[in-house]
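Chemist: dropping the sequence and predicted coords here.
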Amino acid sequence: AANTAQSLANTAASAARAARDAASSAADHAEAAAKAAKAAADGAVKAADFAATATKWANESVTAAEAAVKAVQDAQAVEQAARDSEAEKLAQDTEQSLAEAREMARMEADDREKARKATTQSDALDAETRDLIAKAEKAYAAGDTAQTLSAGRQAAMNLISTTIGTWSRDAAEHALAGADEDLLAWVAADRQIAQNQDDRETVLAVAKVSTELVADAAQAALLATDTGAVGTFLTTGITAAAAEDNRVAILKVLNSSPGKAVSASAQAALDDGSPQALHGFFATYADNVKEDDEAAVFTILNTAGPYTKAAAQVALEGPTWMRRDFVSTVCHRTAQLDYDAATHVAAIRASIARAAKVAQDAQKDAYEASKAAADARKASTEAAKWADKAKASAAKANDYAIEADANADAAEKSAKDAQASADKAKAAAASARTAARQANYSANQAVASAAAAVASASQAQASANAA
């Protein structure tokens, strides 16, 4: 379809050139007819011969002029077919992109739902499993082996059917596959040891994507002698450690001129000032950005060209990041496409309009030549008819001249707008690259801190084993 549109556009341009050539030919015929008519009027002796010749050339000029007009009409039809083909191709691409965007939005919703549930290993357990674990541990402390085995076995089976860490899963599977003594050991100590190990890995994962302050707090939790330090870090410590980083990050968000929803949420968090409130801003940040970006997309959509409109529709159906990308960078690139397309269309139509003016001028000249020939033949009624046609063609020629100028002005304006959009797109891309470099630097710093934490934790574990 894209090749077809390009081919049609090329054909439209060729047809416009053919129309101009035909119009020029018609003008030549009309000029010859006019000269013959003048000679017929001036030469009384050979008036009949000259009048006949003038009539013949006038008829030929009319035929040529009408052919020029037909060529212009063909060019207009081909140009319109090119526009229709482009619109059809864009509609097909948009429909496919919408389907893909909806699927990505569904995946994002699933991931966000999982993220809400991904806290510590204890929080991942459902109420029934926690009750069974508590019952098994109580029975073990009371020396009730049968109750310990019964509740412990059911708890282990529940655990392996839920989302838990590798250490916890391995420990539960080992207890279920082993003897009664293995299950009793799992209830007594192995389960908690495995969960602590999973929590340590979670802390390490958090450190890899966090700032220096959070990474330091994570390292302190990993090195602590208190076995509950890791769990405490995951539940409350991480929020407290990130308070200052969160405050700075919120101020940066406010300085970036966000939308109404993000601005209101950020100001509320800063006014509260507590670690929980500062952390809570980011917990709702995605939803607020989504709300602001949707509003921005709809605003752009109201005045968008076809390519920007298609991209906006896809962004509205897609995941949150797609709307963010559209508002920050994509809309500038698609606007450039729209203006480039408008420039091309206006230039082609200006060319066709100029050809149409030439064709109408040729018709006017041909009709005037026919009038002169009729005058030479003393055919006043016919001469009046040709005079009226000449006036009508002159009026049409003037209309086409105005249309050509308007299209030329539109092409120039679209070209300037396209350059402005290109500059905006370039600036947005540069800003995105700068942000990416800063993010990479922060990530590298966090990974380095986390690596040090792992090394220290390993040394601490080795010392504990030696003791």
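Modeler: Arrived safely, thanks for sending. What you see is a predicted model, and the numbers here were worked out from it, not measured in a lab.
Chemist: use CA for all of it now, contacts and neighbours both
Modeler: Noted.
Chemist: how much space separates A189 from A243?
Modeler: Distance of A189 to A243, computed by CA to CA, to the nearest Å: 35 Å.
Chemist: between those two, point out the one with more neighbours.
Modeler: Set side by side, A189 and A243 show more neighbours around A243, with 20 against 11, by other CA atoms under 10 Å.
Chemist: for the closest residue in space to the more buried one that isn't next to it in sequence, what are its contacts?
Modeler: Take A243 and drop its neighbours on the chain: the residue closest to it by CA to CA, 6 or more residues apart in numbering is P275, 4.9 Å away. By CA atoms under 8 Å, 6 or more residues apart in numbering, the contact set of P275 is 239-240, 242-243.
Chemist: dump the residues you listed into CSV; add distance to A315 and secondary structure as well.
Modeler: Below are these laid out as CSV (distance: CA to CA, whole Å; DSSP: H, G, I helix; E, B strand; the rest coil):
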residue, distance to A315, secondary structure
T239, 33, helix
A240, 36, helix
A242, 32, coil
A243, 33, helix
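Chemist: what is the lowest-pLDDT residue among those residues?
Modeler: Across those, the smallest pLDDT goes to A242, namely 81.
Chemist: number of nearby residues for that residue?
Modeler: For A242, using other CA under 10 Å, the count is 21.
Chemist: from memory it sits against L213, does it?
Modeler: Yes - A242 is in contact with L213 according to CA atoms under 8 Å; the separation is 6.5 Å.
Chemist: residues making contact with stretch 131-144?
Modeler: Residues from elsewhere that reach stretch 131-144 (CA under 8 Å, 6+ apart): 145, 147-152, 154-155, 184, 187-188.
Chemist: considering these, which possesses the most neighbours?
Modeler: In terms of neighbours by other CA under 10 Å, the contacts of stretch 131-144 top out with G152 at 29 neighbours.
Chemist: can you tell me how far the residue nearest to A243 sits from I250?
Modeler: In terms of CA to CA, P275 sits 12 Å off from I250.
Chemist: for Q267, same thing?
Modeler: 8 Å.
Chemist: still on that earlier bit, out of the contacts of stretch 131-144, who's nearest K89?
Modeler: Nearest to K89, judged by CA to CA, of the contacts of stretch 131-144 is A155 at 57.9 Å.
Chemist: does that closest one really touch T129, like I thought?
Modeler: Yes - with contacts counted by CA under 8 Å, A155 reaches T129, the gap being 5.3 Å.
Chemist: related to what we said a few turns ago, give me the more crowded residue out of Q267 and I250.
Modeler: Taking neighbours as other CA under 10 Å, Q267 and I250 compare with I250 leading, 23 against 15.
Chemist: quick one: contacts for that one?
Modeler: Taking CA under 8 Å, 6+ apart, we find I250 in contact with 266, 270, 278.
Chemist: neighbour-wise, which one of those residues leads?
Modeler: L278 (28 neighbours).
Chemist: for it, give its distance to T308.
Modeler: For L278, the distance to T308 - CA to CA - is 36 Å.
Chemist: cool, and F282?
Modeler: 30 Å.
Chemist: more neighbours: which of these two?
Modeler: T308 (24 against 18).
Chemist: need the next SSE after the helix or strand in which E201 is found, C-terminal direction.
Modeler: Assigned by DSSP states H and E, E201 belongs to helix 191-208. The element immediately downstream of helix 191-208 (helix or strand, assigned by DSSP H and E) is helix 212-223.
Chemist: check what pLDDT R433 gets.
Modeler: 48.
Chemist: where does the stretch 1-150 of the chain dip in pLDDT?
Modeler: 1-58, 61-62, 65, 115-125 (pLDDT under 70).
Chemist: tell me how far the residue lying closest to V203 once chain neighbours are set aside lies from L278.
Modeler: Sequence neighbours aside, A218 is the residue nearest to V203 in space, at 6.1 Å (criterion: CA to CA, 6+ apart). Distance of A218 to L278, given as CA to CA: 19 Å.
Chemist: also G143?
Modeler: 47 Å.
Chemist: can you check A356 too?
Modeler: For A356 relative to L278 (CA to CA), the value is 67 Å.
Chemist: for T145, give me its contacts.
Modeler: Contacts of T145 (CA under 8 Å, 6+ apart): A139.
Chemist: how near is it to P258?
Modeler: From T145 over to P258 (counting by CA to CA), the distance is 61 Å.
Chemist: one more: F298?
Modeler: For F298 relative to P258 (CA to CA), the value is 16 Å.
Chemist: per-residue confidence averaged over the helix or strand containing I300?
Modeler: If you go by DSSP H and E, I300 is part of helix 285-302. Here helix 285-302 scores 90 as its mean pLDDT.
Chemist: many thanks, we can stop here.
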